[in-house]
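Colleague: below is the structure, and that's it, no one-letter string:
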RNA sequence: GCGCCGGUGGCUCAGCUUGGACAGAGCAGCGGCUUCCUAAGCCGCCUGUCGUGGGUUCAAAUCCCACCCGGCGCGCCA
């Protein structure tokens, strides 16, 4: 791909128009006697309500300075405003000066970028550095539930967007195999089942040693004794001692890592299989225990002992007084080790982050809002350690059930496995009813894709800050603002293009992909739905850019819905094949472009585009 | 008690970073559309004290203050 094409496909067509309006307006305002910084003016340009043009410049502020009415200033400023090229029309309205772009320009600028960029349309091709995204990192204690899967879906999407925005992204899963929770499970499984406490045997439903039952996932099987074993450890001192002895022996190198990690590994394998169903994959697994075995944790704790604000608490625990770092009084002292000298979770996390910060240009953690305080402490201590860069965080709120907080103990839990299975079977029912002609294996594939798409789309479409109350009927919606709605629009566009090729329009399509220019001027006037679709398609590069900067991943499903919605309306309103001959090139180009942009968006949100459904 | 985050039609949510023109969608409800490119679709109707009260401003869902409700957290768990 040549340099020129690169710059075209990642350049947002609107930026040039905006700066042209801003600089012309700035000159004209200057002549009238008020000088305004160019970037301020550019920022103030907004999008007017439907039917009033494409861009709007509010003039209230400047009217006041000039002692004119906003209406008057708008007409004076609009008088003789140079049109041509991208700009077709300027009209004062109230205190605004509204601009309408030329439709041929919009079509050419948008479609040519899509055709030359293809699956990279909207992407930034210029390298922007190395970034590490850490997400999910669930404790290996059992199956993933819907709440924790929100983490993975947000994290995976963010990683995809960062990659599209030009970053070299590495996705990490931090496996906490050494903390109290995982250790409890390693401990219980280290004993023969007949030595388990009776109530653990009873409640786990595991009564004898033996291989994993047929058809059960390893995370489900290995996780069964967790709730009861964890209670035993909390209540019985001997059990608690056995768990910490086990941990200490491992840390001293007396248990081979492969043996110690057998149970966590089984669980991780099960969790990864489930995450694979929603297209979540990792580049690297960082085992927490490795940070201990290779001395990283010891080194970090050693450094902290000599930190300027290190303090010893009564009993001997090491803490960092972070009040100088601006932490509120209740968080001011950050404990690093226990009184007995063993390190706390944050000590290991500090070692991990020190390593990541040395290796990457940006370090991003996707973590639940219950860890907000922990993250603040982490930041404060890292800065106490004198690290120049800081990790960034994307927090998300919890998923609860209508009956309340999810709880394994109370049996109030929805696992991602159950949700995906249910989604699959409902989707299969739909597919077989609607498309009896599809071969069974394709129907199966479509059902899996549609089910997973519905789940991912649903969990992604709420702003991460907001708590979600999980309801089956919302998560499994296949219509309206849903994953399947978008997949359906994509499939219809694909189908139409297949039909076009079958009816001999293949050469025209191939020609269009080389450039729309030779089919200009467009058959005027365009249907308003054609123009609306173009407008939506043209927004994509700016959206990708924005999401990569602020992590607002929930905007992507929203956008996918908008494009689908406009494609469907267009498709309903005008005839592509067998319609007016002079409209065929533009309409085919629109369908092909919309399909491309939907495909690109679906890729970012991790939902599979389907050629047929 | 303190801190952080949320509170927008019957339900679920965009919009708030950077104040701007009648607050947008989806679901549910009601009424239409299939001799025609996939009806998981399209078109139309109905539904709003933007939690409450103050303030700043020519202009507030958006910024500031107070309060109410919900979520999350508050040193030897992770």
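Modeller: Sure, I can see it. Source: prediction; values computed, not measured. Numbering: from 1, shown residues only, chains lettered A, B, ... in the order given.
Colleague: so how many other residues sit close to whichever residue of the stretch 351-500 of chain A sits closest to RNA strand B?
Modeller: Nearest to RNA strand B, among the residues of the stretch 351-500 of chain A, is residue A:480, at 2.2 Å (CB to the nearest atom of the strand). In this view, the C-beta of every residue, glycine as well, is placed from N, C-alpha and C. The tally of other residues near residue A:480 (other CB atoms under 10 Å) stands at 9.
Colleague: just the helices in the stretch 251-400 of chain A please.
Modeller: A:257-260, A:262-277, A:288-293, A:296-305, A:345-359, A:372-384 (DSSP state H, counting those that start in this stretch).
Colleague: could I get the full set of strands for the stretch 201-350 of chain A?
Modeller: Assigned by DSSP state E, counting those that start in this stretch, the stretch 201-350 of chain A shows strands spanning A:284-287, A:310-312, A:318-321, A:333-335.
Colleague: columns distance to RNA strand B, mean pLDDT and mean neighbour count on top of those, output as TSV?
Modeller: Converted to TSV, the strands of the stretch 201-350 of chain A look like this (distance: least, CB to the nearest atom of the strand, whole Å; pLDDT from 0 to 100; neighbours: other CB atoms under 10 Å):
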stretch	distance to RNA strand B	mean pLDDT	mean neighbour count
strand A:284-287	12	97	16
strand A:310-312	9	92	13
strand A:318-321	6	94	21
strand A:333-335	3	93	20
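Colleague: does the host helix or strand of residue A:43 reach RNA strand B?
Modeller: Using DSSP states H and E, the element containing residue A:43 is helix A:38-44. Yes - using CB under 7 Å from any atom of the strand, helix A:38-44 reaches RNA strand B at A:43-44.
Colleague: and stretch A:587-606, by the same measure?
Modeller: No - judged by CB under 7 Å from any atom of the strand, stretch A:587-606 stays clear of RNA strand B, getting no closer than 7.9 Å.
Colleague: for the residue nearest the centre of chain A, which non-adjacent residue is closest in space?
Modeller: Geometric centre of chain A, nearest residue: residue A:157, 2.8 Å, by CA atoms, centre = their mean. Sequence neighbours aside, residue A:553 is the residue nearest to residue A:157 in space, at 4.6 Å (criterion: CB to CB, 6 or more residues apart in numbering).
Colleague: also residue A:119?
Modeller: Leaving aside its chain neighbours, residue A:119 sits nearest to residue A:600 (6.2 Å; criterion: CB to CB, 6+ apart).
Colleague: next, the one you found: phi, psi?
Modeller: Dihedral pair for residue A:600: phi -60, psi -40, per degrees, to the nearest 10.
Colleague: residue A:575 now?
Modeller: According to degrees, to the nearest 10, residue A:575 has phi -100, psi 130.
Colleague: can you give me the end-to-end span of stretch A:549-563?
Modeller: End-to-end distance for stretch A:549-563, by CA to CA, to the nearest Å: 22 Å.
Colleague: buried set for it?
Modeller: A:551-557, A:559-563 (16 or more other CB atoms under 10 Å).
Colleague: ditto for stretch A:458-465
Modeller: So stretch A:458-465, judged by 16+ other CB under 10 Å, has buried residues A:458-462, A:464.
Colleague: likewise for stretch A:389-397?
Modeller: Using 16+ other CB under 10 Å as the burial criterion, the residues of stretch A:389-397 that qualify are A:391, A:393-397.
Colleague: equivalent analysis for stretch A:568-584, please.
Modeller: Buried residues in stretch A:568-584, counted by 16+ other CB under 10 Å: A:568-571, A:574, A:576, A:583-584.
Colleague: so which of those reach RNA strand B?
Modeller: Applying CB under 7 Å from any atom of the strand to the buried residues of stretch A:568-584, one finds that A:568-569, A:571, A:574, A:576 fall near RNA strand B.
Colleague: now tabulate the residues you listed in TSV and tack on secondary structure and pLDDT.
Modeller: Output for those, formatted as TSV (DSSP: H, G, I helix; E, B strand; the rest coil; pLDDT from 0 to 100):
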residue	secondary structure	pLDDT
A:568	helix	97
A:569	helix	96
A:571	helix	95
A:574	coil	94
A:576	coil	96
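Colleague: now, which of these sits nearest residue A:243?
Modeller: In terms of CB to CB, no member of these lies closer to residue A:243 than residue A:568, at 57.5 Å.
Colleague: contacts only, for that closest one.
Modeller: A:489, A:492 (CB atoms under 8 Å, 6 or more residues apart in numbering).
Colleague: ok so, going back, where's the residue nearest to residue A:157 relative to RNA strand B, distance?
Modeller: Distance of residue A:553 to RNA strand B, given as CB to the nearest atom of the strand, to the nearest Å: 10 Å.
Colleague: you'd agree that residue is up against residue A:155?
Modeller: No - taking contacts as CB atoms under 8 Å, residue A:553 lies outside contact range of residue A:155: 9.1 Å.
Colleague: tell me the SS of the residue in the stretch 1-150 of chain A that RNA strand B sits nearest to?
Modeller: Ranked by CB to the nearest atom of the strand, the top residue of the stretch 1-150 of chain A for proximity to RNA strand B is residue A:49, at 2.4 Å. Of the three states, residue A:49 takes coil under DSSP: H, G, I helix; E, B strand; the rest coil.
Colleague: what's the pLDDT at it?
Modeller: On pLDDT, residue A:49 comes in at 88.
Colleague: contacting residues for residue A:523?
Modeller: A:580, A:582-583, A:586.
Colleague: which one of those residues is nearest residue A:344?
Modeller: Proximity of those to residue A:344 (CB to CB) peaks at residue A:586, which lies at 63.9 Å.
Colleague: right, and the closest one touches residue A:519 too?
Modeller: Yes - Residue A:586 is within contact range of residue A:519, at 6.6 Å (criterion: CB under 8 Å).
Colleague: same list (the ones next to RNA strand B among the buried residues of stretch A:568-584) but as TSV, adding distance to residue A:325.
Modeller: Listed next are these as TSV, based on distance: CB to CB, whole Å:
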residue	distance to residue A:325
A:568	53
A:569	54
A:571	57
A:574	61
A:576	61
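Colleague: hmm, back to that, okay if I get the helices of the stretch 251-400 of chain A as a markdown table plus mean pLDDT, mean neighbour count and distance to residue A:332?
Modeller: Shown next, in a markdown table, are the helices of the stretch 251-400 of chain A (pLDDT from 0 to 100; neighbours: other CB atoms under 10 Å; distance: least, CB to CB, whole Å):
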| stretch | mean pLDDT | mean neighbour count | distance to residue A:332 |
| --- | --- | --- | --- |
| helix A:257-260 | 95 | 14 | 36 |
| helix A:262-277 | 97 | 20 | 34 |
| helix A:288-293 | 94 | 20 | 26 |
| helix A:296-305 | 95 | 17 | 16 |
| helix A:345-359 | 96 | 20 | 14 |
| helix A:372-384 | 93 | 19 | 9 |
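Colleague: go through these and name the closest to residue A:231.
Modeller: Of all those, helix A:262-277 sits nearest to residue A:231, with 18.2 Å by CB to CB.
Colleague: which strands and helices sit next to the closest one?
Modeller: With contacts taken as 3 or more CB pairs under 8 Å, 6 or more residues apart in numbering; DSSP states H and E, helix A:262-277 sits against strand A:168-175, helix A:180-190, helix A:218-223, helix A:416-434.
Colleague: contacting residues around that helix?
Modeller: Helix A:262-277 has contacts (CB under 8 Å, 6+ apart) with A:136, A:138, A:140-144, A:149, A:152, A:173, A:175, A:177, A:182, A:185-186, A:189, A:217-223, A:281-282, A:285, A:416-417, A:420, A:448, A:452.
Colleague: from those, which would you call buried?
Modeller: A:136, A:138, A:140-144, A:149, A:152, A:173, A:175, A:177, A:182, A:185-186, A:189, A:217-223, A:282, A:416-417, A:420, A:448, A:452.
Colleague: show me which residues of the stretch 251-400 of chain A sit near RNA strand B.
Modeller: Taking CB under 7 Å from any atom of the strand as the contact definition, the stretch 251-400 of chain A meets RNA strand B at A:313-315, A:317, A:319, A:328, A:330-333, A:335, A:338-339, A:344-346, A:369-374, A:397-398, A:400.
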